[in-house]
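**Q** When you get a sec, could you give me coordinates for this:
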Amino acid sequence: DGVYFNYLPSGLTPRAGTPPRITPYGAFAHCNSSDNEDDGLAVKVVRGCSSPQRIDETLTANKVLKASEETPHPNLLARYPASDKFPADTCTVVSITPWLNGGTLLSVLEEARSTRTDIPLQDVLRYTMDIMSGVAHLHT
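**A** Residues are numbered from 1 along each chain as shown. Purely as a prediction, here's the structure:
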């Protein structure tokens, strides 16, 4: 898992006590900027020499994040404004956003599946409405 830390852009350091999460879509790490200017960044690292599709997907996601930086919406996570000051290595794409302590929708779904519990209907409806509101905003 630590191999992904070799590809973190210079100026970013992994936050102690928070191991990276490795997924088929890349590695996600909780990082700090080395100048201590910014504490708590979510960094997605995608190595793409062997999977150019993942690079294209991440570049598209970065464009969407940049658009949401320019036109904020409460249900969209904006790209970290200083992302461009952290260039990545060849064959590597990095996406940087503020770290959110609440976790992800994926982690909520995985937890429900692993514990075999139902997600309350009101939560499902709220998640659905939040997602739809964010998507509608992106299309305006």
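**Q** now the helices: where do they sit in this protein?
**A** Under the criterion DSSP state H, helices of the chain are mapped to 52-70, 105-115, 121-138.
**Q** Name the stretch among those that sits most buried.
**A** helix 52-70 (a mean of 14; mean count of other C-beta atoms under 10 Å). Every residue, glycine included, has its C-beta placed from N, CA and C.
**Q** and that one, average pLDDT?
**A** Taken as a whole, helix 52-70 has a mean pLDDT of 78.
**Q** And for stretch 74-88?
**A** Averaged across stretch 74-88, pLDDT comes to 71.
**Q** separation between residue 6 and residue 98?
**A** Relative to residue 98, residue 6 is positioned 24 Å away (C-beta to C-beta, to the nearest Å).
**Q** okay, the two: which has more neighbours?
**A** Using other C-beta atoms under 10 Å, the more surrounded residue of residue 6 and residue 98 is residue 98, with 13 against 10.
**Q** and that one, what are its bridge partners?
**A** Under DSSP bridges, the beta-bridge partners of residue 98 are residue 41.
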